[in-house]
Structures are given as C-alpha cells and as structure tokens.
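Asker: with the sequence up front, the predicted model follows.
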Amino acid sequence: MSDQAPYQIDVLPVPHYLAEQSDPAAGRYVFAYTITLHNRGQRAATLISRHWIITDGNQQVQEVRGLGVVGEQPRLEPGDSYRYTSGSSFETPLGTMRGSYQMLGDDGERFEIEIPEFVLAIPGKLH
C-alpha cells in the first residue's frame, strides 16, 4: 500500500506584463498568466470550476467564479500536465491573484486545490 495521496495536483502560475495592450496614462495595466497543473497523485481528476480572488494595488478586491478554465474542463490522469494562459487587467501597475480549483475525482470525490498567490507587476515595480 502506498502512502502517496490519491489526489495531489501541483499548480504553478507564471505572470507576464503585456505592455503592448496596456495604457498606463489611462490607468490600464494588462497581464497574462500561464498556469501549469501537474497531477502527481494516484487518481485521475477533472477540473470543474475556479474561484479567483484578485486584488489591485489599491487593495480593491474582485472575486471571480466560473466553470472550467478558458472554456475547458481538463481531465488529468496521474502524471499528466495541463497548461493554459489567460489574463487580467488592473487600474494599478501592481496586483495579486490567488484562489482555488474545484476538482472531481474519477471515484466521485470532490476536492479543492489551492492556487498560490502570485504577483502581477510591471517590470521594475518590484525590487
């Protein structure tokens, strides 16, 4: 019997500033982020929905909930990875995102995985 968790999905976010779509003079800062999910568990699971908590540099918080990601509800077999890119815009040159994915295991178990907080900042804004 293995003591490895049946569900173990890693979440790796990588943000990117999109200068060509941004307009700082108008208070519009656009960012893309690429998320990689990797199933290191023993069982397959499907990403059903997402919950984002988005905070701008003025501490204004927006919550977003929805089905799947980028129009998909990916199923990850053990050892599989899934990558997608999406975006967000802010009125400030700095913001953060964090949240969770709601998952459904092949055995019918529902569980959440945390999306670790990551910073979206224009180049040079952070040390």
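Answerer: Noted; the coordinates are in hand. Numbers count the residues shown, from 1 in each chain.
Asker: buried sites along stretch 55-69?
Answerer: Of all the residues in stretch 55-69, those buried under the rule 16 or more other CB atoms under 10 Å are Thr55, Asp56, Gly57, Val69. Where you see a C-beta, it was placed from the backbone N, CA and C, and this is true even at glycine.
Asker: how long is that stretch end to end?
Answerer: 20 Å (CA to CA, to the nearest Å).
Asker: could you do stretch 35-52 as well?
Answerer: 13 Å.
Asker: what of stretch 23-42?
Answerer: In stretch 23-42, first residue to last residue: 46 Å (CA to CA).
Asker: make TSV from the buried residues of stretch 55-69 and add distance to Glu109, secondary structure and pLDDT to it.
Answerer: Formatted as TSV, these follow (distance: CB to CB, whole Å; DSSP: H, G, I helix; E, B strand; the rest coil; pLDDT from 0 to 100):
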residue	distance to Glu109	secondary structure	pLDDT
Thr55	31	strand	98
Asp56	35	strand	96
Gly57	39	coil	94
Val69	20	strand	97
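Asker: can you lay out those as JSON lines showing distance to His16?
Answerer: Shown next, in JSON lines, are the buried residues of stretch 55-69 (distance: CB to CB, whole Å):
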{"residue": "Thr55", "distance to His16": "18"}
{"residue": "Asp56", "distance to His16": "17"}
{"residue": "Gly57", "distance to His16": "18"}
{"residue": "Val69", "distance to His16": "17"}
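Asker: for these, work out which two are farthest apart.
Answerer: With CB to CB as the measure, no two of those lie farther apart than Gly57 and Val69, at 25.1 Å.
Asker: quick one, strands of the protein?
Answerer: In the chain, the strands defined using DSSP state E lie at 9-17, 29-39, 45-56, 61-67, 75-76, 81-90, 94-105, 110-121.
Asker: figure out which of those is closest to Asp23.
Answerer: Per CB to CB, nearest to Asp23 of these: strand 29-39, 8.4 Å.
Asker: which positions in that closest one come out as buried?
Answerer: Residues of strand 29-39 classed as buried: Tyr29, Val30, Phe31, Tyr33, Ile35, Leu37, His38, Asn39 (neighbour count, 16+ other CB under 10 Å).
Asker: in a markdown table: the residues you listed, plus distance to Thr92.
Answerer: Output for these, formatted as a markdown table (distance: CB to CB, whole Å):
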| residue | distance to Thr92 |
| --- | --- |
| Tyr29 | 7 |
| Val30 | 12 |
| Phe31 | 11 |
| Tyr33 | 16 |
| Ile35 | 22 |
| Leu37 | 28 |
| His38 | 31 |
| Asn39 | 35 |
